[in-house]
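>>> have a look; sequence and predicted model below, questions after that.
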Amino acid sequence: MEAAHAVADAALSLPAVRKARSVAVYAARGRELDPSLLVARLGGDVVVSYPRVNGLLPPTLSFHVSSTSELVKAGFNLLEPLATAVLAPPIDVFVVPGLGFDRSGRRLGHGKGFYDAALRRSPSAVRVGIGYDFQLVPEIPVEECDEPLDFIITPTQKLATGARACALRSAKEDIS
């Protein structure tokens, strides 16, 4: 729980997160760092959405306004919104999980490409990867279809990656 507090504090210190009107998060599974404390601290005027798997080929996620209590069990051992849940408005900030991250903004996911495809469809959204300290490694292998993150946050580190030119200016402002 201490790790979740530290990550929530660091994420909320980012102006992009504080100014966001629509934030996409995930329901933690297994040993993923749980973003629910961050969600609880976002404030009532922020629209929070969760991913729903819509297709496998190509990998497609949609994001729906939901609370954790409304999520249902789905494939891949995920919790996701009902198909009838309201679609999210354009997303300002994506908070994404990963198996590993590096300082260049690379993320190792579960290999299906769902988040990469979703991030590609929202190029102006700020991308924040959250995880534990042990998940920050020297280098993550990258493929052409992998989408970089703007920030990596662990319980002890908040990194602006500078991976995307469009996010570079705000990243420099957000880290200081």
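Okay, I see it.
>>> tell me where this protein has helices.
2-12, 15-19, 36-41, 114-120, 165-175 (DSSP state H).
>>> residue 94 reaches residue 22, doesn't it?
No - in this structure, residue 94 is not within contact of residue 22 by C-beta atoms under 8 Å, at 9.9 Å. C-beta coordinates here come from the backbone N, C-alpha and C atoms, glycine included.
>>> more crowded one of those two?
Higher neighbour count among residue 94 and residue 22: residue 94, with 25 against 18, using other C-beta atoms under 10 Å.
>>> please report how far the more buried one lies from residue 121.
Per C-beta to C-beta, to the nearest Å, residue 94 is found 11 Å from residue 121.
>>> also residue 153?
Relative to residue 121, residue 153 is positioned 23 Å away (C-beta to C-beta).
>>> between these two, which one's more packed in?
Shown here are residue 153 and residue 121; by other C-beta under 10 Å, residue 153 has more neighbours (27 against 12).
>>> so what's that one bridging to?
residue 130, residue 158 (DSSP bridges).
>>> does it touch residue 11 like I think?
Yes - with contacts counted by C-beta under 8 Å, residue 153 reaches residue 11, the gap being 5.6 Å.
>>> intersection of neighbour lists for the two?
Shared contacts of residue 153 and residue 11, defined by C-beta atoms under 8 Å, 6 or more residues apart in numbering, are found at 128, 130.
>>> before we move on, the earlier item: need the helices of the chain in CSV with mean neighbour count, can you?
Output for these, formatted as CSV (neighbours: other C-beta atoms under 10 Å):
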stretch, mean neighbour count
helix 2-12, 18
helix 15-19, 16
helix 36-41, 16
helix 114-120, 19
helix 165-175, 15
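>>> I'd like to know how many residues surround residue 33.
Using other C-beta under 10 Å, residue 33 has 24 neighbouring residues.
>>> measure it to residue 95 for me?
Applying C-beta to C-beta, the value for residue 33 to residue 95 is 10 Å.
>>> try residue 77
19 Å.
>>> which one of the two has more residues nearby?
The neighbour comparison of residue 77 against residue 95 (other C-beta under 10 Å) goes to residue 95, with 25 against 8.
>>> for that one, give the beta-bridge partners.
If you apply DSSP bridges, the partners that residue 95 bridges to are residue 128.
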